[in-house]
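Novice: Compute the structure for the input listed below.
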Amino acid sequence: YLAVSFGRLGVLTLRFPWYKGSAAGEDGRLNNVEIDRKMREIENLIDSAYLYDTDPQRLSDGIFTGLIYGLSDQDKYAQYYSVQAFENETTRNNGSYDGIGVLVQADEKTGGILVISVNANGPAKEAGVQVDDIIIGADGTDLTGMPLDEAISDHIKGPPGTSVVLTILRDGEEIDLTVPRERIVDITVRGTMIPGRDLGCISITSFNRTTEEEFVKVWGELEEAGAKGIVIDLRNNGGGDMDVS
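Specialist: Below is the predicted model:
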C-alpha cells in the first residue's frame with residue numbers, strides 16, 4: 001500500500017493487487033530482484049501521483065535507514081549514517097565541534113530527542129539544559145519524528161555566534177530555552193577522589209580522539225592523590241570510536 005497526499009488534508013491509499021512477490025528469499029536472504037521490482041513500482045507511483053517535489057538523496061537515505069531499521073527488534077542501536085551524519089560524527093570524534101554542547105539520542109516514546117549528557121563547560125549547561133530533557137522543537141520547528149541527524153545538523157547545530165531556541169519537554173511541561181552556539185572542546189574524562197576512601201572515580205562521557213590521552217592523565221593524577229583503586233563510571237556515555245574504547 002502507498003498513501004499519497006492530494007491536498008492539505010486528503011490522503012488516498014493506493015493498492016497493488018498485482019504485486020505478489022516476496023522480499024524474503026527461500027534461503028533467508030533478501031530477494032533483491034523482487035525488492036528492485038517493488039521499488040520501481042513505488043517510484044512510478046510517486047512520480048505520477050505524489051503532490052510535492054521529492055529529494056532523491058533524502059529518498060535514498062530513507063531506503064538505507066529503513067533497511068537497518070529492520071534490525072531494531074534485536075539491536076535498537078543499529079543505525080545507518082547518511083554522509084552528513086557521518087561527517088558530524090567524525091567531527092565530534094575529533095574532540096571539538098560547533099554546537100550547543102549536548103549528547104543526544106532519539107527518544108522512542110515521544111519521537112523527540114533525549115539529552116543523555118550535557119557538557120559541563122558548554123552553552124547548553126549555562127542555558128539550563130539538563131540530562132533527560134527531551135528536545136521537541138528548535139526555532140519553532142517541530143522535531144518530533146524527524147530523523148535524528150537531520151534534526152541535529154539542520155536545526156540544532158550551527159555556526160558559533162548564533163543561537164537556537166529549543167522547546168524542551170521536562171516533567172510533562174514544555175519550556176523554551178535560548179541556547180548560544182559555540183565551538184565546543186569536548187572534555188570526555190573527569191576524575192575525582194571518593195570522599196573518605198582511597199578510591200578514585202573516572203567518568204568517561206564519550207570516546208573520541210582525545211579520550212585516551214585524557215584518561216592516562218586523569219589516572220596518573222588520581223594515583224598521585226593516593227588512589228589504590230579506580231571506579232570507571234560509564235553512565236550516560238554516548239559511545240564513539242570503538243578503537244579508542
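Novice: List the buried residues for the lengthiest helix in the chain?
Specialist: Across the chain, the longest stretch assigned as helix under DSSP state H is helix 32-49. Neighbour counts over helix 32-49 (16 or more other Cβ atoms under 10 Å) mark 34-35, 38 as buried. To be clear about C-beta, it is placed using only N, CA and C from the backbone, and glycine gets the same treatment.
Novice: repeat for stretch 193-206
Specialist: Quick answer for stretch 193-206 (16+ other Cβ under 10 Å): 200-206.
Novice: export that stretch as CSV, just CAs?
Specialist: C-alpha atoms of stretch 193-206 as CSV (Å, rounded to 0.1, in the frame of the first residue of the first chain):
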residue,chain,number,x,y,z
MET,A,193,38.6,11.0,44.7
ILE,A,194,35.7,9.3,46.5
PRO,A,195,35.4,11.1,49.9
GLY,A,196,36.7,9.1,52.8
ARG,A,197,38.0,6.3,50.6
ASP,A,198,41.4,5.5,48.9
LEU,A,199,39.4,5.1,45.7
GLY,A,200,39.3,7.3,42.7
CYS,A,201,36.4,7.6,40.2
ILE,A,202,36.9,8.3,36.5
SER,A,203,33.9,9.4,34.5
ILE,A,204,34.0,8.9,30.7
THR,A,205,31.2,10.6,28.8
SER,A,206,32.2,9.5,25.3
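Novice: and it, how far from the chain's centre?
Specialist: Distance of stretch 193-206 from its chain centroid, counting by Cα atoms, centre = their mean, to the nearest Å, is 29 Å.
Novice: which residues of the protein score low on pLDDT?
Specialist: 1-27 (pLDDT under 70).
Novice: which stretches of it form strands?
Specialist: Assigned strands in the chain, in chain order: 2-5, 11-14, 96-99, 102-106, 113-118, 134-138, 141-142, 163-170, 173-180, 182-185, 189-193, 199-204, 229-233 (criterion: DSSP state E).
Novice: about what we covered before: residue 104: which of the buried residues of stretch 193-206 is nearest?
Specialist: residue 206 (11.6 Å; Cβ to Cβ).
Novice: ok, so what distance separates that closest one from residue 229?
Specialist: Distance, residue 206 to residue 229, by Cβ to Cβ, to the nearest Å: 24 Å.
Novice: just checking, residue 165 touches residue 175?
Specialist: No: counting by Cβ atoms under 8 Å, residue 165 sits too far from residue 175 to count as a contact (10.7 Å).
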